[in-house]
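> Any chance you can model this:
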Amino acid sequence: MPYKVMIVDDAAMMRLYISSFLKTLPDFKMVAQAANGQDALDKLSDHEDLDLILLDIEMPVMDGLEFLRHAKLKTRAKICMLSSVTVSGSPLAAKARELGADGVVTKPSGTVSHDLEERVGDELRRVMRSLVEAA
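Okay, here's the model as predicted:
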């Protein structure tokens, strides 16, 4: 049974790149996507069996950090930040961890990283697997 994943990113192209990446991993399946944190929170009740949420930070309506403040009360899913602004050791990465992010992977080339798989695919696969297997 594949792990169930929600993608939360305001950039439609980035959601497409991430979902294409997930299709290369037989043990993961994208079951939901959202364009901002509020949209994602609304969808959590329909997807109570999520295993993993891949979450951007910079989004309109509700950003990823605000989503984290609410999500940990509503889901058991592991949450991995996937953002261009969560560079390892940065204040935003630390804040995301403080608010409950289980993992952090930096988008390699900005908001819409067309080279996601080539540049950080191995790292993202490793982080995703370690999070869901630790659950």
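
> Let's test this: name the helix or strand in the chain with the lowest mean pLDDT.
helix 91-98 (a mean of 91; mean pLDDT, DSSP states H and E).

> Could you list the buried residues of it?
When neighbours are counted by 16 or more other Cβ atoms under 10 Å, the buried residues of helix 91-98 are found to be 92, 93, 96. Quick note: C-beta positions are derived from backbone N, CA and C, even for glycine.

> so what's the second one closest to, chain neighbours aside?
Going back to what we said before, that points to residue 93. Distances taken as Cβ to Cβ, 6 or more residues apart in numbering place residue 86 nearest to residue 93, at 4.2 Å, with adjacent residues excluded.

> Look at that neighbour and tell me its secondary structure.
Assigned by DSSP: H, G, I helix; E, B strand; the rest coil, the conformation of residue 86 is coil.

> dump the residue contacts of the closest residue to residue 97 other than its chain neighbours.
Excluding the flanking residues, the one nearest residue 97 by Cβ to Cβ, 6+ apart is residue 104, at 6.8 Å. For residue 104, the contact set (Cβ atoms under 8 Å, 6 or more residues apart in numbering) comprises 80, 81, 86, 88, 93, 96, 97.
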